[in-house]
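J.: Below: sequence and its predicted model.
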Amino acid sequence: MRIFVTGGAGFIGLAVVRRLVQRGDRVVAVVRDPDRATALTDLGVEMRAGDLSRTAAVLDAMRGTDAAIHIAGMYRVGIPAAMRPAMHDANVGVTHRILDAFARAGLDRLVYVSTVNVAGNTKGRIIDERYRRDLSAGFLSYYDETKYLAHRAVRERIDSGAPIVIVMPGVTYGVGDHSGVGQQLRGAHDGGLGFMALADIGISAVYVEDVAAGIVAALDRGRLGESYILGGENTRLRDALRSAARIGGRSLPRLELPTALLRLGSHAPEALARAAGLPDDLREVLRATLGVTYWASSAKAATELGYVPRDLGSGLRATFDES
């Protein structure tokens, strides 16, 4: 098959592209600057110069392909207000343009990569695809809000008959992960983690290669109109850090920043917070992490897609062995 992929040069996207190429699919990707996408070039990906800011450009890139996977997006919690329009366009605007181009291109199916974050705070429960968040509680972060809006737009197209499958990965880690969680895991493994903060957050931690396998399985045999959670081990960040430290032969730091101190820091102006190495909007970070759980079950994906994520210890060992 010829597969159109957005976000192919990203953390999850590159793992998906590698898997597609290895099994003989032809991958088409839109990139702003092909000269900077060397990883895709090395894989033999057909790159079409352009961006995702115009529906017409997306449609041109989609032509001649059989199916599409939309992975591209912007992830960051605690962004300054000035960056919100860019995040809204990256997560919501681009998704609308992908949906419009897909409707006109006549492809067989689209796999949309959402996130378990659209469920919001699960409050200690392990939820599944049937769960619907309480919108009266508001959103935990602007990322949370924009991904929810994009997810809702995709569901509306599905309700209108569009041949789309949704996948919802948990907190994804692995080689090439530069997220805050990824950096903390690396620090715990290497002994460079000076202290812990907000480590009580509950995550569904999943290895990137398992997410990629789930996405490809959804492309192959996911039921049209259905959503599939691609999670992993439901745990606390503190326990994940402890596992990473154990694998690296280290001990976790005893110092954990008190919540009261973090709350105090959340009132610092953006410029001061940035100078201190804190997120621009620490209040948003606290809201999205303090006592929050994002726990989810992948039972449906296991049954229908054959999705079998590895346990946290195995995934972390693979991460550190490969890097």
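T.: It's in.
J.: Wait, Ala101 touches Met62, no?
T.: Yes. If you go by Cβ atoms under 8 Å, Ala101 and Met62 touch, sitting 5.5 Å apart. Quick note: C-beta positions are derived from backbone N, CA and C, even for glycine.
J.: Please report how far Arg32 lies from Val5.
T.: 15 Å (Cβ to Cβ, to the nearest Å).
J.: try Ile247
T.: 32 Å.
J.: Of the two, give the one with the bigger neighbour count.
T.: More crowded of Ile247 and Val5, by other Cβ atoms under 10 Å: Val5, with 28 against 17.
J.: which strands and helices sit next to the strand or helix carrying that one?
T.: Here Val5 is covered by strand 2-6, with elements defined by DSSP states H and E. Judged by 3 or more Cβ pairs under 8 Å, 6 or more residues apart in numbering; DSSP states H and E, strand 2-6 is in contact with helix 11-22, strand 26-31, strand 67-70.
J.: Confidence-wise, which of those is weakest overall?
T.: Least confidently modelled of the helices and strands packed on strand 2-6 is strand 26-31, at a mean of 92 by mean pLDDT.
J.: List the buried residues in that one.
T.: 27-31 (16 or more other Cβ atoms under 10 Å).
J.: chain center to that strand: distance?
T.: 20 Å (Cα atoms, centre = their mean, to the nearest Å).
J.: Report the angle between it and helix 11-22.
T.: 150 degrees (axes from the mean of the first three to the mean of the last three Cα atoms, to 10 degrees).
J.: backbone phi and psi for Ile98, please?
T.: Main-chain dihedrals, Ile98, degrees, to the nearest 10: phi -60, psi -40.
J.: Could you find the closest non-adjacent residue to it?
T.: Residue nearest to Ile98 in three dimensions, not counting chain neighbours: His70, with 4.8 Å by Cβ to Cβ, 6 or more residues apart in numbering.
J.: isn't the one you found right next to His96, touching?
T.: No. With contact defined as Cβ under 8 Å, His70 does not count as touching His96 (10.9 Å).
J.: So for those two, which residue has more residues nearby?
T.: For His70 and His96, the more surrounded residue by other Cβ under 10 Å is His70, and the numbers stand at 26 against 16.
J.: ok, now how distant is the residue nearest to Ile98 from Ala15?
T.: Taking Cβ to Cβ, one finds His70 at 15 Å from Ala15.
J.: same question, Ala101
T.: To Ala15, Ala101 is 24 Å away according to Cβ to Cβ.
J.: swap in Pro309?
T.: 13 Å.
J.: residues contacting the residue nearest to Ala15 when sequence neighbours are not counted?
T.: Spatially, and ignoring its direct neighbours in sequence, Ala15 is nearest to Ala212 (3.8 Å; Cβ to Cβ, 6+ apart). Ala212 makes contacts with 12, 15-16, 18-19, as judged by Cβ atoms under 8 Å, 6 or more residues apart in numbering.
J.: mind giving me a markdown table with those residues and columns for neighbour count and distance to Arg221?
T.: Listed next are the contacts of Ala212 as a markdown table, based on neighbours: other Cβ atoms under 10 Å; distance: Cβ to Cβ, whole Å:
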| residue | neighbour count | distance to Arg221 |
| --- | --- | --- |
| Ile12 | 23 | 20 |
| Ala15 | 25 | 19 |
| Val16 | 28 | 16 |
| Arg18 | 18 | 20 |
| Arg19 | 17 | 15 |
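J.: how about JSON lines for the residues you listed, with distance to Glu304 added?
T.: Below are these laid out as JSON lines (distance: Cβ to Cβ, whole Å):
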{"residue": "Ile12", "distance to Glu304": "20"}
{"residue": "Ala15", "distance to Glu304": "21"}
{"residue": "Val16", "distance to Glu304": "19"}
{"residue": "Arg18", "distance to Glu304": "24"}
{"residue": "Arg19", "distance to Glu304": "19"}
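J.: Strands of the stretch 201-323 of the chain, residue ranges please.
T.: 202-207, 227-230, 233-236 (DSSP state E, counting those that start in this stretch).
J.: Do a quick rundown of the helices in the protein.
T.: Here the chain has its helices, by DSSP state H, at 11-22, 38-42, 55-62, 84-88, 94-105, 142-159, 180-190, 208-221, 237-247, 259-265, 270-275, 282-289, 299-305, 312-322.
J.: among those, which is nearest Asp200?
T.: Ranking the helices of the chain by proximity to Asp200 (Cβ to Cβ) places helix 237-247 first, at 6.4 Å.
J.: now what about that closest one, what contacts it?
T.: 181, 184-186, 188-189, 191, 193, 196, 198-203, 205, 251-252, 312-313, 316-317, 320.
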